[in-house]
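S.K.: Give me coordinates for this.
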Amino acid sequence: MLVYRKPLHPEFFGIEGRKRIQQDDFEFEGWIFPGGQVSRFQSGSVTICEVVTDQVESLPEKGLVANLPCAGERDFENTFGDTVTYMTTMQTETLSDHLYESTYREMTQHARESNSLVVRADGASRPEMSVLDIQRYRTEVHVQGYHLRADCGLVLRTQSMFRLGVDEEEE
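M.R.: Alright, predicted model coming up:
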C-alpha cells in the first residue's frame, strides 16, 4: 500500500469501476481494478491518495508519504495539514482451497448486498476478485478493500478512514 499527499493520474491504473462522493467540505473518489484499488480524499488544499497494488514500479515517488508492504498485519495513521485524519489497517491471510472458495462466495454475497465495486477475473485454478466497499458519513469516509488471489490463496483486507478534523492530544 502506498499513501500519497497528492492525487495520482488514472492512467497509472486499468480502472474498471469508480465511485465518487461530493460533499460540501470534501470530495472522495474510489477506483477499482484487478488486484487493486485507489482511494482519493480531498478537502480544500489537502489531498490523500491511498493505492493498493502490486504494480508499484511505474508509480511516482513524488508526494509519497508511506510505502507499507501488504504482508501480515499493519496499521498506519497520519494527520494531513490540520484538517484531515487518515487511518488504515491491513491484514493478509493465506487460505486452503476450501476456505478460499468459501471466502469467495461470502465476498460475492457481501459485495452484492453492500452495492460495492467489484472486479472478477479467472485465475489459473480458481476465480479471483477485488471488492471496494465505501461508506459515506457526514465528516468521513470508510473504505474496505478485499482482494482474493487464486494463485496462492491469498486474501488481503484493507480498512481505511478519511476524516475531517484532527484529534487534540490530551495533556
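S.K.: what about the lowest-mean-pLDDT helix or strand in the chain, distance to the chain center?
M.R.: The weakest-scoring helix or strand in the chain, judged by mean pLDDT, DSSP states H and E, is strand 117-122 (a mean of 92). Put simply, strand 117-122 sits 15 Å off its chain's centre (Cα atoms, centre = their mean, to the nearest Å).
S.K.: That strand: partners in the sheet, and parallel or antiparallel?
M.R.: strand 127-136 (antiparallel) (DSSP bridges).
S.K.: what does the following helix or strand past the partner strand contact?
M.R.: Moving toward the C-terminus from strand 127-136, the next helix or strand (DSSP states H and E) is strand 140-149. Strand 140-149 is touched from outside by 21, 26, 28, 30, 35-37, 39, 41, 50, 52, 100, 103-104, 107, 123, 128-135, 154-164, with contacts defined as Cβ atoms under 8 Å, 6 or more residues apart in numbering. Using the backbone N, CA and C atoms, a C-beta is placed for each residue, glycine as well.
S.K.: and strand 140-149 with strand 127-136, angle?
M.R.: 180 degrees (axes from the mean of the first three to the mean of the last three Cα atoms, to 10 degrees).
S.K.: what's the average pLDDT for the helix or strand following strand 140-149?
M.R.: Next in sequence after strand 140-149, counting helices and strands by DSSP H and E, comes strand 154-164. In this model, strand 154-164 carries a mean pLDDT of 97.
S.K.: For strand 154-164, which helices and strands make contact with it?
M.R.: Other elements packing on strand 154-164 under the criterion 3 or more Cβ pairs under 8 Å, 6 or more residues apart in numbering; DSSP states H and E are strand 36-43, strand 46-52, strand 84-94, strand 140-149.
S.K.: Let's have the ones you listed in JSON lines, adding distance to Val118 and mean neighbour count.
M.R.: Output for the helices and strands packed on strand 154-164, formatted as JSON lines (distance: least, Cβ to Cβ, whole Å; neighbours: other Cβ atoms under 10 Å):
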{"stretch": "strand 36-43", "distance to Val118": "11", "mean neighbour count": "23"}
{"stretch": "strand 46-52", "distance to Val118": "15", "mean neighbour count": "22"}
{"stretch": "strand 84-94", "distance to Val118": "19", "mean neighbour count": "17"}
{"stretch": "strand 140-149", "distance to Val118": "10", "mean neighbour count": "21"}
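S.K.: Nice, that's everything, thank you.
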